[in-house]
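Chemist: fold the following.
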Amino acid sequence: MCGIVGLHLKGDRHSEQLGELLAGMFVQVRERGPDSGGVGIYGADGLTVLKAVGDPVDLVGEFALTSRTGYQAVGHTRMATESAITLEGSHPFSPRPGLCLVHNGSFANHATIRRELEAEGIVFETENDSEVAARFVGWRLDQGDGLEKALKLVCDRFDGFYTLLITTDTEFAVVRDAIACKPALIAETDDWVAMASEYRALAGLPGIENARVFEPGPEEVHLWSK
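Modeler: Residues are numbered from 1 along each chain as shown. Predicted coordinates:
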């Protein structure tokens, strides 16, 4: 069990509050992943990834999260099940410039896909199954696929139970497994799109009372572009 949060701003209205808003979401999924945490923040200098082992509540201060600005961000709190509690195994995974992936769940056939990717010359840094998904998506983007097609290929090739939040410099996307086993909620207003493992992580966002809130269905790719 892990916790995922993400926020994509459609305009500049909340850009100065991005880190503060993400921090409020991040701490609400602490119980889902008390072992480690990480964030990916998109701002004027591109993507910044910050990861650490420890209580996610403490990591808000360590990352200086509330002072961060930008237009898009993701967060992940990890409960280690498939590999050790290490910095390297923490999320997000960013296998190519601008790409960020966070994952709740597990993949049954990740070892097979890892070997296939290694045969293509792709080098891995961890034994984490989530890294396999991240590098698969990065590989498909390198081959010329768009993000939506790459995620549909994830659904075709990966067996398991998962919710994925994947971002690029301009895109924000969510996809779930064939039976939508792992929790995910999406909320959207005129100002932003947000995703979280639990509603309480969305409840503090500005304008949430007027948001369209829904649960993405099995193998549906929901994607927004800036």
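Chemist: residue 80 touches residue 87, doesn't it?
Modeler: No: using Cβ atoms under 8 Å, residue 80 is not in contact with residue 87, being 11.7 Å away. The way it works is simple: take the backbone N, C-alpha and C, and place the C-beta from them, glycine included.
Chemist: all strands for the protein, in order.
Modeler: According to DSSP state E, the chain carries its strands in the segments 3-9, 36-43, 46-53, 72-78, 100-107, 160-167, 171-176, 185-188, 192-196, 212-214, 222-225.
Chemist: just to revisit the earlier point, so residue 80 and residue 87 - more neighbours on which side?
Modeler: Applying other Cβ atoms under 10 Å to residue 80 and residue 87 shows that residue 80 carries more neighbours, namely 17 against 12.
Chemist: ok, that one - contacts?
Modeler: Taking Cβ atoms under 8 Å, 6 or more residues apart in numbering as the criterion, residue 80 is in contact with 35, 36, 89.
Chemist: which of the residues in the lengthiest helix in the chain are buried?
Modeler: Longest helix in the chain, counting residues (DSSP state H): helix 129-142. For helix 129-142, the neighbour count (16 or more other Cβ atoms under 10 Å) marks 129-141 as buried.
Chemist: thinking again about what came up before, anything in contact with each of residue 80 and residue 87?
Modeler: Shared contacts of residue 80 and residue 87 (Cβ under 8 Å, 6+ apart): residue 36.
Chemist: report the separation between the residue lying closest to residue 124 once chain neighbours are set aside and residue 93.
Modeler: The shortest distance from residue 124 to any non-neighbouring residue, by Cβ to Cβ, 6 or more residues apart in numbering, is to residue 131 (6.0 Å). Separation of residue 131 from residue 93 (Cβ to Cβ, to the nearest Å): 5 Å.
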